[in-house]
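**Q** dropping a prediction and its sequence here:
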Number of protein chains: 6
Amino acid sequence: MDLDKLAKLRERYEGIDGSVYLSEKFQHVLEKCRKNPRSAYKPFAGISTFMDLPYDEDYEKLDVAFIGVPMDLGVTNRSGARFGPRAVRNVERIGPYHYALDEVPSAMLNAADIGDVRFRSRYSLNDSIEDIEKFYKKIVAAGVKPISIGGDHSVTCPILMAIGEGEPVGMLHIDAHHDTGGPYDGEKFFHGGPFRQAVLAGVLDPERCVQIGIRGPAETNGEFAYEAGMTVFHIEDVERMGVDAIIEEAIKVLGDKPFYISIDVDGIDPAFTPGTGTPEVGGLTPIQVQLILRGLKGLDLIGGDVMEVAPQYDPTTNTAQVAAQMAFEIFTLMAFCRK
Amino acid sequence: MDLDKLAKLRERYEGIDGSVYLSEKFQHVLEKCRKNPRSAYKPFAGISTFMDLPYDEDYEKLDVAFIGVPMDLGVTNRSGARFGPRAVRNVERIGPYHYALDEVPSAMLNAADIGDVRFRSRYSLNDSIEDIEKFYKKIVAAGVKPISIGGDHSVTCPILMAIGEGEPVGMLHIDAHHDTGGPYDGEKFFHGGPFRQAVLAGVLDPERCVQIGIRGPAETNGEFAYEAGMTVFHIEDVERMGVDAIIEEAIKVLGDKPFYISIDVDGIDPAFTPGTGTPEVGGLTPIQVQLILRGLKGLDLIGGDVMEVAPQYDPTTNTAQVAAQMAFEIFTLMAFCRK
Amino acid sequence: MDLDKLAKLRERYEGIDGSVYLSEKFQHVLEKCRKNPRSAYKPFAGISTFMDLPYDEDYEKLDVAFIGVPMDLGVTNRSGARFGPRAVRNVERIGPYHYALDEVPSAMLNAADIGDVRFRSRYSLNDSIEDIEKFYKKIVAAGVKPISIGGDHSVTCPILMAIGEGEPVGMLHIDAHHDTGGPYDGEKFFHGGPFRQAVLAGVLDPERCVQIGIRGPAETNGEFAYEAGMTVFHIEDVERMGVDAIIEEAIKVLGDKPFYISIDVDGIDPAFTPGTGTPEVGGLTPIQVQLILRGLKGLDLIGGDVMEVAPQYDPTTNTAQVAAQMAFEIFTLMAFCRK
Amino acid sequence: MDLDKLAKLRERYEGIDGSVYLSEKFQHVLEKCRKNPRSAYKPFAGISTFMDLPYDEDYEKLDVAFIGVPMDLGVTNRSGARFGPRAVRNVERIGPYHYALDEVPSAMLNAADIGDVRFRSRYSLNDSIEDIEKFYKKIVAAGVKPISIGGDHSVTCPILMAIGEGEPVGMLHIDAHHDTGGPYDGEKFFHGGPFRQAVLAGVLDPERCVQIGIRGPAETNGEFAYEAGMTVFHIEDVERMGVDAIIEEAIKVLGDKPFYISIDVDGIDPAFTPGTGTPEVGGLTPIQVQLILRGLKGLDLIGGDVMEVAPQYDPTTNTAQVAAQMAFEIFTLMAFCRK
Amino acid sequence: MDLDKLAKLRERYEGIDGSVYLSEKFQHVLEKCRKNPRSAYKPFAGISTFMDLPYDEDYEKLDVAFIGVPMDLGVTNRSGARFGPRAVRNVERIGPYHYALDEVPSAMLNAADIGDVRFRSRYSLNDSIEDIEKFYKKIVAAGVKPISIGGDHSVTCPILMAIGEGEPVGMLHIDAHHDTGGPYDGEKFFHGGPFRQAVLAGVLDPERCVQIGIRGPAETNGEFAYEAGMTVFHIEDVERMGVDAIIEEAIKVLGDKPFYISIDVDGIDPAFTPGTGTPEVGGLTPIQVQLILRGLKGLDLIGGDVMEVAPQYDPTTNTAQVAAQMAFEIFTLMAFCRK
Amino acid sequence: MDLDKLAKLRERYEGIDGSVYLSEKFQHVLEKCRKNPRSAYKPFAGISTFMDLPYDEDYEKLDVAFIGVPMDLGVTNRSGARFGPRAVRNVERIGPYHYALDEVPSAMLNAADIGDVRFRSRYSLNDSIEDIEKFYKKIVAAGVKPISIGGDHSVTCPILMAIGEGEPVGMLHIDAHHDTGGPYDGEKFFHGGPFRQAVLAGVLDPERCVQIGIRGPAETNGEFAYEAGMTVFHIEDVERMGVDAIIEEAIKVLGDKPFYISIDVDGIDPAFTPGTGTPEVGGLTPIQVQLILRGLKGLDLIGGDVMEVAPQYDPTTNTAQVAAQMAFEIFTLMAFCRK
């Protein structure tokens, strides 16, 4: 061990506080981190909000709004995702620094937790779909990018109705299922079909859609995805091609026009995200998803969501933590695409 | 079945909404309930706050402040109560109407969730005790009655330092343990001794203290309680005397001067409140505690707390629910002792 | 110890099998138990059915049909009771002998598990209510008494539409809530109002209704119950009057005409039945409910249900076990009121 | 508040350590507590042993030996009690002072955790029964009183073979089931029949046996109990007679000759002890059992056990805690019957 | 976005039901799916059976019989797998379509859940082994291929006694352990030795056996595997060789003669399958196993099993889901090897 | 199948016990295994100790001492690791044979579980750090290599103070975090900074340190690591480089001088090790860590630890099992570096 070097280290570091950095880079990062107004709280303390952002229902002035959508009337199997937003807010430690992308998104973007969509009814799926669409149209009209936490995946359809109203958007879609099914039990706005409805409504451009992690018995829902021209990577494609090849293809498909990210936590293997309504054995790992997302840095991301968190089935809170981390990845990507 | 009566019921009730009541009493209750500003949310939606009260850190104008005290450095065994306030906030349905006392406390009292005590350190018990005392002195100075959620029971000592500063207070104390022990591992502000310190500091009047539910191996901590003149009801006293006799005795001891309520959830049997640091087999039932509390209606209650909620040991969330209910009982009692 | 007596015991019992009894009574009981066609299976083996009865969808020939109603679209808070029937079927050991009533109901009544109500839709509460009513009308028309496992409590309204079609029935109702609320979020068939609708429809006679265990914040729902003339025992009434006085009153109210038993597991304290959608602290104990039910032996019971079992919140399976036991109590009572 | 009194309290208590007591009684208790050689450890630290006693396989010199019997091959339904001894050892805080009986048993009796019975086979119930009997005969021959933790209840039969070898013993028996059944699936040493075999072997005097908490579908097992002359209190007897009347009867039956205590945790309601193999809804509360046991103070207790702890079904560890507490109650009773 | 294309999509898809497909392929798949007689039920509804197949104990006419083997007397450590069949039946959504192999096995094969093996005794391992062998000999004699759900792995030995009676079979074996150990605690039919006994009995051809996922402390059990000529891939071989190379080797070893698939869920890492008796850190992932199985499409598969599911240790139900998925993979492979 | 071969296998293996091996190698392994003095116990039986080693507080004569360090006062978020040592001791089946390294470490090294560090205080982090350092200085002075189970990671600093006292050591460090942060909340001995303090104290040579698995928001803590010259592999490096390249680099950095292994279980993905205080999504897999450790065989390992096991967050016990396995890997490596 080089004693001179040790002496220098001691001289520089001994006695200084943990909040002092020598390198400009880290001091800079730290200063950004301090902009988070809730940094005075310990992680287990205070009111729970998404990303520990301030809670502020007045979204007009924001760049990015985090929104909870506690609605699960569209599920086909296990209900419970109405408690998803609450579970994700309760995650203690997310950010504020994203080391791999080297950014503190909350310092770059004016962001807040603006609370949850308010619903007329807790019994009617159709009323709820309407309420969501109306709410997001106001958000989008205000020029705010939404990051949403569900709720079941039926929620993404009315969000896209708002986001893609002017021009159809592309989408990176992490899921075990295509979610392009037709009406089921007579209901077209259920959680197995949001992307069929969004395409047919002209708000989602299927040729700029990439689905990753697809598997499971509901493949018949996939006919529409194929017919409409979506790019599909089944789980075995990811296993055999590797993450970098997937990223390369995704970038090609998404192009440089606006796109959305929709993550159903069931795209990930149930060992990592057991708390979800229609788990499918044999899925993605979180680090695979994280690397894919990071590979999209710089593309024109205009909104995103993480859906299907059902905490009743999540004894370790791992699912909520994965969801919170994915929302943070989306948030960080947004710091690179401001215009 | 009386058909005339049925006809009348139909005439009166059919087609009317659930928010319309015929009796003046219930219509009145309902109007009070609507004063709760968060009533637009479903129970599973929105930011979590104590009693679904508004979150507002500005306590000056309040009658009652709900405060989280996420600190568990004073425990002797299982840690975890630092997550207690968060767990109690997450309870979905508490109030706003208390049917047995026939009151809507949030309509009678100006109350809010003012967040958590902010701590300098998450490592130092002594610094934390100081931070709590300082914080509560400001609350009390503003004429606000605090209802606190812990956190371990060491927290109650600095709260009493604030509450009883002018004049020592009486106390109704639900617990498995006397909590009047002397310094342990060299530390006097641990969770087994808050009431010894409060008595010695002159802020708690032992002759106006009632302890209910006492049992367990730490009875040696009780010497001080007996010497100082506290009234003690062991669990077997409650079993054999019945709740009404306990209430009668408690009212005598507490008198008509200001008193505080401190509830350690371990006073209740672990079947009902498993999520706590030092569970003791063979305790009170929640309904016993509820009936005792309701028996104190009209006495001069100036503050209260529910402590030792450790959600890591609470797989059903029952402990948090019991704690929230007890806080609501305390809150409701306060609606009857405004001056 | 009397050696002669020991010698006699040895002579009588040594070497004989556990299936041989000396007393006529127990031999008789055992023979009845053997009529259970699934008695060849160990409790943990084979297909799971209610009460280990045979699974047979052909109900025409039955005295009693056990029916699952996996529908939870009527809940106001935690969903999940759609999995209630499955959870109750999985309970391993219920009956066949009821020692306190000294009867083997499966030997006295021709009974089967006839499966679940089939629903058109898993999204529409109103369609589901209709499907239930149609299904039960066929059951009732066939002269079969139904015992149902829910599902949320909104399910009981369409069941009563079938049961009380000819003549309004009385009801013993165990619950934390009156469940006589008016339309909520615009929906009258939600789980907080089934008994208002049943009374208004003329199928439930409110003056022959007894509600036991009532408590909690939804007391405003109770106006209709009081106005309509139901007899209400709050939890504190049970605590102070004792079970025997409650039974006496209940018998008076129910009289000797047909009545129904509806048990919401949230009537019981959440320590015993945590797995439910709207738990209320401070409830009944299972043995209190069992003793009340047994007190009704001989009255004219024509149907019953156990509702609101949400196994996602039931880590010990205790809630399902309590529900199964209560269904067994109801089943046994039916053995005493055959006509 | 009496200021003189406060001044005196301060004078006496301020600055003194928690290990100093003023009253002779508590100082005496404390000195006894310190005799526990493991008192230097925090409750969560060190090797886990029963009652935090020293671990010492050499039992010859002991008054009381705590023994684990990790065998569950005799269960009829849920297995898992082989992990019972480990779960009970892991309970953190039991004793050393019993406040209600005012005794520190570990200071009065030479006691140790002597480990577990060693078994030839983990597959053969019959070999295991033999191994247990041999092991306990050595313990009893050494004049040591055993307190055992199971393991399923079949274990108690070979223990009684050793304990009652010289003279048949009486028994206080807490259980949901009589456990006096005949051979089942061709096996007489299963957990539903230990007391039939013990009576027939002449080691258990049925006329000095009291069974408390009995209920459930296996009542047919009870024929032998009744025929042999055991005194049986069903759960409804306890509810209606009250604990003090039960104690009075129990004392009469047990008399002043040697007796054994056997506690099946399923005698207690599953809300308190879910972790067991054959749970029965509607049971005793722990405080009822504790009061009954304490009522036997001074009788000639020569051994005891707590059986059927299956920690796989015990997410809160409550069952293990109840079992540990009951073992401590038995241990304390032994401090009053030394000869 | 191509508007013409959108117009065409709309024309084709709008207003049509989710059960209508345009492509012949998917319409064909859907028609096959509808052959599943239980397709009228929601996934959470109705009696639970393996793969949602009809429950029918009459196996004579079947191609494939699903059988539960609820026996765990052969375990060396954690018991509980007696509840495995029930847990796997309760899995809600498995099949009916296998997208990767593009087949609906329940439409190609006449299959049913025929219930569980019935056992004389729940205490005797040897009697149970005999009962299993007898039961399977009847199944095999009827020309039915069994797919079995355990139960502990000792169960596979008597199954192979039936399956390989005429001619020794090959085996694909997924496991953490060789399971070729010699008698242990004097018992040769325990769960660590089924394949030694099967080889010695001449029903299993070791030179056509492939073991994958092997690791853990019991490697000494492997001597026999090596001596007998089994092909062994330890977990590190899979990590370093990759799945495709493993498949290639497996095909060589298995050849084109009849083979069996036996999956011990402990072959998979405990993060995915915690609910098992002897978990080993560092195992396979489910997708690795799925890909290996799918690689065997077309080989002559004559039976299979999934063993060691112990739901007491499976709080998320993930283990049961993995087991159900693996059984479905086996079932689908059978659709490709009908003769 | 070769019948001759089968005949030979039968001749050699039939009738022999599982403890007899034909190959010299396995017979040799078995003999070593038998040296484990606790081999007479079933895995679920007897007192729980690390690696099932004997419990013996007299460490003087040992080669290797297993030590519990039940202290978690240094955590920044979730407490609970004070129960880590107890949880790891309770793991049932670890070793004694390590198949991949082909060694039985307990037969090669004189090792014991010497219990836990005894602490003056359960409230003071600084006193605890001192107590640990003093304790380990005695261990190291006796020439004993420690393997420690924590406890939070602050514990490793005082251990290194003892281990590196004479000469700074190298370190293989598995973690999600650098743990080289400066004082936090005014406390330098917290769990985010042990390696900064150890380097500054001159006991840890940063240029011989390898950190693997790093990720998460606390990267700012990493400045010191980089400045001091540690080699850092983020999780994405492991994903992209593969395990073998990591091993090669690690060997270069560690060199042939003494080094220590410190494993924070949060280095591994929370799906495998949920039970920890600061989980980070997207981590290593256990088999990756195992292969890395095994790659260090023969290097001069002088101590090791596994830290941050918080069993309150570990419903499956998987975290404790991973920790136990990692401790066993370290133990086995020590068998190859005796001097």
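**A** Noted; the coordinates are in hand. Please read these numbers as outputs of a predicted model, since none were measured by experiment.

**Q** what is the helix or strand containing A:Gly303 packed up against?
**A** If you go by DSSP states H and E, A:Gly303 is part of strand A:301-307. Packed against strand A:301-307 by the contact rule (3 or more CB pairs under 8 Å, 6 or more residues apart in numbering or on different chains; DSSP states H and E) you find strand A:145-150, helix A:156-163, strand A:259-264, helix A:318-334. Where you see a C-beta, it was placed from the backbone N, CA and C, and this is true even at glycine.

**Q** so which of the ones you listed gets nearest F:Asp269?
**A** helix A:318-334 (9.1 Å; CB to CB).

**Q** alpha carbons of that closest one, as CSV, please.
**A** Extracted in CSV, the C-alpha atoms of helix A:318-334 (Å, rounded to 0.1, in the frame of the first residue of the first chain):
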residue,chain,number,x,y,z
ASN,A,318,-40.2,-6.3,-4.3
THR,A,319,-42.8,-5.6,-7.0
ALA,A,320,-43.4,-2.1,-5.8
GLN,A,321,-39.7,-1.5,-5.7
VAL,A,322,-39.2,-2.7,-9.2
ALA,A,323,-42.1,-0.5,-10.4
ALA,A,324,-40.6,2.5,-8.6
GLN,A,325,-37.2,1.9,-10.1
MET,A,326,-38.7,1.6,-13.6
ALA,A,327,-40.6,4.8,-13.1
PHE,A,328,-37.4,6.4,-12.1
GLU,A,329,-35.7,5.1,-15.2
ILE,A,330,-38.5,6.7,-17.3
PHE,A,331,-38.2,9.9,-15.4
THR,A,332,-34.4,10.0,-16.0
LEU,A,333,-34.8,9.4,-19.7
MET,A,334,-37.1,12.5,-19.8
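
**Q** is that helix anywhere near chain F?
**A** Yes - contact of helix A:318-334 with chain F (CB under 8 Å from any CB of the partner chain) involves A:Asn318, A:Gln321, A:Val322, A:Gln325.

**Q** related to what we said a few turns ago, redo the helices and strands packed on strand A:301-307 as JSON lines? Include mean pLDDT and mean neighbour count.
**A** Formatted as JSON lines, the helices and strands packed on strand A:301-307 follow (pLDDT from 0 to 100; neighbours: other CB atoms under 10 Å in any protein chain shown):
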{"stretch": "strand A:145-150", "mean pLDDT": "98", "mean neighbour count": "27"}
{"stretch": "helix A:156-163", "mean pLDDT": "98", "mean neighbour count": "27"}
{"stretch": "strand A:259-264", "mean pLDDT": "98", "mean neighbour count": "28"}
{"stretch": "helix A:318-334", "mean pLDDT": "98", "mean neighbour count": "26"}
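
**Q** turn those into TSV, columns for distance to chain E.
**A** As requested, those are arranged in TSV below (distance: least, CB to the nearest CB, whole Å):
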stretch	distance to chain E
strand A:145-150	19
helix A:156-163	13
strand A:259-264	13
helix A:318-334	9
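
**Q** turn those into a markdown table, columns for distance to C:Thr231.
**A** Below are the helices and strands packed on strand A:301-307 laid out as a markdown table (distance: least, CB to CB, whole Å):
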| stretch | distance to C:Thr231 |
| --- | --- |
| strand A:145-150 | 44 |
| helix A:156-163 | 47 |
| strand A:259-264 | 50 |
| helix A:318-334 | 45 |
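
**Q** output the strand holding A:Gly303 as PDB, nothing but the C-alphas.
**A** C-alpha atoms of strand A:301-307 as PDB (Å, rounded to 0.1, in the frame of the first residue of the first chain):
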ATOM      1  CA  LEU A 301     -40.000  10.300 -24.800                       C
ATOM      2  CA  ILE A 302     -43.300  12.000 -24.100                       C
ATOM      3  CA  GLY A 303     -44.800   9.900 -21.400                       C
ATOM      4  CA  GLY A 304     -44.700   6.600 -19.600                       C
ATOM      5  CA  ASP A 305     -46.300   4.300 -17.100                       C
ATOM      6  CA  VAL A 306     -45.800   1.300 -14.900                       C
ATOM      7  CA  MET A 307     -48.900  -0.800 -14.500                       C
END
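
**Q** the helix or strand of chain A with the lowest mean pLDDT near chain F anywhere?
**A** Ranked by mean pLDDT, DSSP states H and E, the helix or strand of chain A with the weakest confidence is helix A:24-34, at a mean of 85. Yes - under the criterion of CB under 8 Å from any CB, helix A:24-34 makes contact with chain F via A:Phe26, A:Val29, A:Leu30, A:Cys33.

**Q** quick one: mean pLDDT over the helix or strand A:Ile246 falls within.
**A** Using DSSP H and E, A:Ile246 maps to helix A:243-254. Across helix A:243-254, pLDDT averages out at 98.

**Q** same for it, what does it pack against?
**A** Going by 3+ CB pairs under 8 Å, 6+ apart, helix A:243-254 lies up against strand A:169-174, strand A:204-214, strand A:231-234, helix A:286-294.

**Q** quick one: stretch A:67-76 near chain C?
**A** Yes - Stretch A:67-76 comes into contact with chain C (CB under 8 Å from any CB), by way of A:Asp72, A:Leu73, A:Gly74, A:Val75, A:Thr76.

**Q** got the end-to-end distance for that stretch?
**A** 24 Å (CA to CA, to the nearest Å).

**Q** show me which positions of that stretch end up buried.
**A** A:Ile67, A:Gly68, A:Val69, A:Pro70, A:Met71, A:Asp72, A:Leu73, A:Gly74, A:Val75, A:Thr76 (16 or more other CB atoms under 10 Å in any protein chain shown).

**Q** partner residues bridging the second one?
**A** In other words, A:Gly68. Beta-bridge partners recorded for A:Gly68 (DSSP bridges): A:Asp116, A:Ile149.

**Q** next up, the contacts around the nearest residue to A:Asp113 once chain neighbours are set aside.
**A** Of all residues beyond its chain neighbours, the one nearest A:Asp113 is A:Thr49 (4.0 Å), with distances taken as CB to CB, 6 or more residues apart in numbering or on different chains. A:Thr49 makes contact with A:Arg38, A:Tyr55, A:Phe66, A:Arg89, A:Asp113, B:Ile47 under the criterion CB atoms under 8 Å, 6 or more residues apart in numbering or on different chains.

**Q** and for A:Glu165?
**A** A:Lys137, A:Val140, A:Val203.

**Q** top of those residues by number of neighbours, please.
**A** A:Val203 (23 neighbours; other CB atoms under 10 Å in any protein chain shown).

**Q** in this structure that residue contacts A:Gly170, no?
**A** No - contact criterion CB atoms under 8 Å: A:Val203 and A:Gly170 do not qualify, at 11.2 Å.

**Q** ok, the nearest residue to A:Leu73 once chain neighbours are set aside - how many residues close by?
**A** The shortest distance from A:Leu73 to any non-neighbouring residue, by CB to CB, 6+ apart, is to A:Leu125 (4.1 Å). Applying other CB under 10 Å, we find 24 residues neighbouring A:Leu125.

**Q** which residues of the stretch 101-250 of chain A lie near chain B?
**A** A:Asp113, A:Gly115, A:Asp116, A:Arg118, A:Phe119, A:Arg122.

**Q** and A:Leu3, how many neighbours does it have?
**A** Neighbours around A:Leu3, by other CB under 10 Å: 9.

**Q** equivalent analysis for A:Gly298, please.
**A** Residues near A:Gly298, counting by other CB under 10 Å, number 11.

**Q** buried residues, the least confident helix or strand of chain A. List them.
**A** Buried, per 16+ other CB under 10 Å, within helix A:24-34: A:Phe26, A:Val29, A:Leu30, A:Lys32, A:Cys33.
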